[in-house]
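J.: Quick one: sequence and predicted model below, then my questions.
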Amino acid sequence: MTCYWVYDLPEWAFCALMMMTSIAVSSGGVLLTRGPIRRVFGHSGMNELVSYFLTLMGVFYGITLGLIAVGAWETYSSASEKVSHEAAALATICQDVRLLPESPEKTQLNEALQTFTRHVIDEDWPAQRKGQIPKGGTASLEAVVKLVMALGTQTEMDRIVVAEVYSRLNSLIEQRRLRLESVNAGVPALLYWVVVLGGLINIGVTWCFVMENKFAHVMLSGVSGALIGLLIFMVAAMDHPLRGEYSLGPDPFEIVFDRYFSR
C-alpha cells in the first residue's frame, strides 16, 4: 500500500479525506444493506448478539491498532533523535572551530560549514518531504572533511581541538546517514492492510444492527467510521516522520545557523 500521494496534501485535507472516506463507507453501507440485514436478522432482539461480536472484535482491533500506533510513534521519535543528534554534532564542530586561531583554512572551513548547514535546510528538507533521498549535501560535507584534514596545528591545544573536530565530524557523518535512511522508513504495508481491513470489518458489523430509525442507524455507523478514519490518519501521519506536512522540520539546523552564521 504505497499511497504516498496523500502526504502531498495539507494536513487538514489528509485528515478530512480519511474521515470522510470512512464516514461514506460506513453510512453508505447502512443504506445499501439495511434491507437484507433486516431480512436476515429479523428483529431488534438480535442486537444484543451483534453488540457482543462488535465489542469482541473492537477489543482485538483496538489492541492491534494501538500497537501499530506505538510503533509509528517510536519511528517518529527515533527520527527526531537522529535529527537532533546530527544538529548537535554540527553545532559542536562549529563551536570547536571557533577555538582555533585565525587562518585562511579556518575561514574556508567556516564558509564550508555554513554552506552545508544552509544546504540541509534549503535542499535536504524539501526533498525529504517529497520522499526523495537528498544527495547534493554529500559534496558539501566532503568539502568540510577535506578542509578539516587541511587544518594546521601549532600548539598542543590546537591538536586537541582538531582531534575533537575529527570525532564530531565522524558523528555528523553517521547521524546524517541514519537520517537519510529514515526518509522512507515506516510501518510495513502488511500492517496497513490489517488496519484497513480490520476497520472495514468493524464498520461492517455496525450494519448488522436492526434499528427502526434509519437516520439514527446511519448517524451512529458514521460516527464509528469517523473514529476509525481519524485513528488511521494518526498512524499514517506519524508513519513517515520526514515526509509530508506533518513531519520533522529543520528547526535544530536553523538554530545552529542562527547561532554561528547569522550576522
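T.: Cool, got the structure. Numbers count the residues shown, from 1 in each chain.

J.: Quick one: residues contacting I121.
T.: 250, 253-254, 257 (CB atoms under 8 Å, 6 or more residues apart in numbering). Glycine gets a C-beta too; all of them are placed from N, C-alpha and C.

J.: I misspoke; the intended subject was R259.
T.: So R259 contacts 91, 94 (CB under 8 Å, 6+ apart).

J.: still on that earlier bit, the contacts of I121 in helices, which ones?
T.: Using DSSP state H, 253-254, 257 are the members of the contacts of I121 that sit in helices.

J.: Would you mind putting those residues into TSV with pLDDT and distance to R98 alongside?
T.: Listed next are these as TSV, based on pLDDT from 0 to 100; distance: CB to CB, whole Å:
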residue	pLDDT	distance to R98
F253	93	18
E254	92	19
F257	91	15
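
J.: Include neighbour count and distance to Y192 when you put those residues into TSV, please.
T.: Output for the ones in helices among the contacts of I121, formatted as TSV (neighbours: other CB atoms under 10 Å; distance: CB to CB, whole Å):
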residue	neighbour count	distance to Y192
F253	22	31
E254	17	33
F257	21	37
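
J.: Closest to A216 out of those residues?
T.: Proximity of the ones in helices among the contacts of I121 to A216 (CB to CB) peaks at E254, which lies at 51.9 Å.

J.: ok, now how distant is the closest one from N47?
T.: E254 is 57 Å from N47, where distance means CB to CB, to the nearest Å.

J.: Same check on N170?
T.: 65 Å.

J.: More neighbours: which of these two?
T.: Set N170 next to N47 and count neighbours by other CB atoms under 10 Å: N47 wins out with 15 against 12.

J.: which element is that one on?
T.: Using DSSP states H and E, N47 sits in helix 47-98.

J.: How far does that helix sit from its chain's centre?
T.: Mean C-alpha position of helix 47-98 versus that of the full chain (CA atoms, centre = their mean, to the nearest Å) differs by 9 Å.

J.: following it, which helix or strand comes up?
T.: According to DSSP H and E, the helix or strand after helix 47-98 is helix 104-119.

J.: How about the helix or strand just after that following helix, which residues are buried there?
T.: Heading C-terminal from helix 104-119, the first helix or strand you meet, by DSSP H and E, is helix 125-129. Neighbour-count burial for helix 125-129 flags 125, 127-129 (criterion: 16 or more other CB atoms under 10 Å).

J.: cool, and stretch 192-205?
T.: By 16+ other CB under 10 Å, the buried positions in stretch 192-205 come out as 192, 194-195, 198-200, 202-205.

J.: Farthest-apart pair in those, please.
T.: Top of the distance list for the buried residues of stretch 192-205 (CB to CB): Y192 and V205, 20.8 Å.

J.: Quick one: list the elements packing against the strand or helix carrying E174.
T.: When secondary structure is defined by DSSP H and E, E174 falls within helix 156-181. When contacts are defined as 3 or more CB pairs under 8 Å, 6 or more residues apart in numbering; DSSP states H and E, helix 156-181 packs onto helix 47-98, helix 137-149.

J.: Chain neighbours aside, what residue packs nearest to Y61?
T.: Nearest residue to Y61 in three dimensions, chain neighbours excluded: G198, at 4.6 Å (CB to CB, 6 or more residues apart in numbering).

J.: next one: N47
T.: With CB to CB, 6+ apart as the criterion, N47 has its nearest non-adjacent residue at 5.4 Å, and that residue is F209.

J.: again, but for C208
T.: V50 (4.7 Å).

J.: I'd say that neighbour and G204 touch.
T.: No - look at V50 against G204 with CB atoms under 8 Å: they stay out of range, at 10.8 Å.

J.: Pull out the buried residues from stretch 149-160.
T.: L151.

J.: ditto for stretch 83-90
T.: 83, 85-90.
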